[in-house]
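Trainee: Let me see the structure of the following:
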Amino acid sequence: MSRRVATITLNPAYDLVGLLPDIHRGDVNLVKTAGLHAAGKGINVAKVLKNLGIDVTVGGFLGKENQDGFQKAFSETGIANRFQVVEGRTRINVKLTEQTGEVTDFNFSGFSITKADWQRFVTDSLSWAGQFDMICVSGSLPQGIDLNDFTQWMLRLREQCMCVIFDSSREAFVAGLKASPWLVKPNHRELEIWAGKPLPTQQDIVNAANQLRQQGIAHVVVSLGEKGAMWVNSSGAWFAKPPECEVISTVGAGDSMVGGLIYGLMMRQTSEHTLRLATAVSALAVSQPNVGITDRAQLAHMMTKVDLQPFTAQ
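Mentor: All right, here's what the predicted structure looks like:
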């Protein structure tokens, strides 16, 4: 296997990560800057995969006015760049972590995509999609992209690459599901919104995941924050719980999990091993200000502390 992966981020962002004791509304808050990163969900996934030794190509849209930070990051990390540059600015997301570990996000608006921008992206992305073993599509949609157009592109992408991993939310999540991606990774709240009801128990989560699988989705991984994750596929269901970690930033934790999932699947590991790895990668992410694997030994140690259990219906 060539082990080639592409990630597509249609609405990337500069993540400004800060730490403070607590937030006082209507007052001046002094914030310790933990990092300013050229990011976005698919870019975070790519960083993890690159650290783990996988060849990665990234694509999507970048704003012309402030693209330099992204171009520099891709060049320094050796990530192949297929982003389309459009008029305007890539958005900035401010992520503030309080002493309690609670994270407040301020996600600003960015560029708007024209019909011509979208058509150029569709033509280009479909011309190279068939070169990859897996393609990860993640994140929100920028202004200007029609949901039906997005669904049609996802359907065509599936024709080029059977292993499409999808991680999004709200209307974009529903639109992407219509293409029956190979693997989806909603978080607990996103799955509840899709199901139209609360899912308080593991059995409820598994039932909802199996409803998604009935639509032709092979793998459903549900991230549960500090509680861990559940993976449901044709072989069964598993629950993984991470160890307690000091929270520096939860930014990119879900993306790190997706990176770990893709790596395990690319290496043809078992579902259990892959979920353990992905949970450990995610746990490492919350204990640092940026995503990525800098110490493989630390990752291996974290994997030993993940509690993994098969789920059996009560």
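Trainee: Just give the closest residue to Ala195, not the sequence neighbours.
Mentor: Nearest residue to Ala195, sequence neighbours excluded (Cβ to Cβ, 6 or more residues apart in numbering): Ala208, at 4.6 Å. Every residue, glycine included, has its C-beta placed from N, CA and C.
Trainee: And for Gly264?
Mentor: Gly264's closest residue in space is Thr274 (Cβ to Cβ, 6+ apart), at 2.8 Å.
Trainee: In PDB, could you pull the C-alpha coordinates for the host helix or strand of that neighbour?
Mentor: Under the criterion of DSSP states H and E, Thr274 resides in helix 271-286. Provided in PDB are the C-alpha atoms of helix 271-286 (Å, rounded to 0.1, in the frame of the first residue of the first chain):
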ATOM      1  CA  SER A 271     -10.400  -1.900  15.400                       C
ATOM      2  CA  GLU A 272      -9.500  -2.300  19.000                       C
ATOM      3  CA  HIS A 273      -5.900  -1.300  18.500                       C
ATOM      4  CA  THR A 274      -6.800   1.600  16.200                       C
ATOM      5  CA  LEU A 275      -9.300   3.000  18.700                       C
ATOM      6  CA  ARG A 276      -6.800   2.700  21.500                       C
ATOM      7  CA  LEU A 277      -4.200   4.600  19.400                       C
ATOM      8  CA  ALA A 278      -6.700   7.300  18.300                       C
ATOM      9  CA  THR A 279      -7.900   7.800  21.900                       C
ATOM     10  CA  ALA A 280      -4.300   8.100  23.100                       C
ATOM     11  CA  VAL A 281      -3.500  10.600  20.300                       C
ATOM     12  CA  SER A 282      -6.500  12.700  21.300                       C
ATOM     13  CA  ALA A 283      -5.500  12.600  25.000                       C
ATOM     14  CA  LEU A 284      -2.100  13.900  24.200                       C
ATOM     15  CA  ALA A 285      -3.600  16.700  22.200                       C
ATOM     16  CA  VAL A 286      -5.500  18.200  25.100                       C
END
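Trainee: okay, now Ala218: neighbour count?
Mentor: 14 (other Cβ atoms under 10 Å).
Trainee: Trp118 too?
Mentor: So Trp118, with other Cβ under 10 Å, has 21 neighbours.
Trainee: Three-state assignment for the residue sitting furthest away from the middle of the chain, please.
Mentor: What lies farthest from the middle of the chain is Asp27; by Cα atoms, centre = their mean that is 33.4 Å. Under DSSP: H, G, I helix; E, B strand; the rest coil, the three-state class of Asp27 is coil.
Trainee: Tell me where this protein is predicted with low confidence.
Mentor: 1-2, 248-249, 289-290, 313-314 (pLDDT under 70).
Trainee: The helix holding Thr274 - contacts with which helices or strands?
Mentor: Applying 3 or more Cβ pairs under 8 Å, 6 or more residues apart in numbering; DSSP states H and E, one finds that helix 271-286 contacts strand 219-223, strand 229-233, strand 236-241, helix 253-266, helix 296-304, strand 307-310.
Trainee: and among these, the most buried is which?
Mentor: helix 253-266 (a mean of 26; mean count of other Cβ atoms under 10 Å).
Trainee: List of residues touching that one?
Mentor: By Cβ atoms under 8 Å, 6 or more residues apart in numbering, the surrounding residues in contact with helix 253-266 are 1, 3, 5, 41-42, 44-49, 52, 54, 133-134, 136, 138, 163, 165, 167, 183, 185, 187, 221, 223, 229, 273-275, 277-282, 284-286, 291.
Trainee: Check stretch 272-281 too.
Mentor: Stretch 272-281 is contacted by residues 48, 221, 228-229, 231, 238, 240-242, 256-261, 263-265, 269, 293, 299, 302-303, 305-306, 308, 310 when judged by Cβ under 8 Å, 6+ apart.
Trainee: List the buried residues for it?
Mentor: Neighbour-count burial for stretch 272-281, counted by 16 or more other Cβ atoms under 10 Å, picks out Glu272, Thr274, Leu275, Arg276, Leu277, Ala278, Thr279, Ala280, Val281.
Trainee: Identify the farthest-apart pair in those residues.
Mentor: Glu272 and Val281 (15.2 Å; Cβ to Cβ).
Trainee: where do the helices sit along the stretch 1-150 of the chain?
Mentor: 41-51, 68-77, 115-128, 147-160 (DSSP state H, counting those that start in this stretch).
Trainee: May I see those helices organised as TSV, with distance to Gly101 added?
Mentor: Shown next, in TSV, are those (distance: least, Cβ to Cβ, whole Å):
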stretch	distance to Gly101
helix 41-51	20
helix 68-77	27
helix 115-128	38
helix 147-160	34
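Trainee: which of those helices is buried the deepest?
Mentor: Across those, averaging neighbours per residue (mean count of other Cβ under 10 Å) puts helix 41-51 on top, at a mean of 27.
Trainee: Helix 253-266 and that one, what's the angle between them?
Mentor: Angular relation of helix 41-51 and helix 253-266 on a 0 to 180 degree scale: 50 degrees, by axes from the mean of the first three to the mean of the last three Cα atoms, to 10 degrees.
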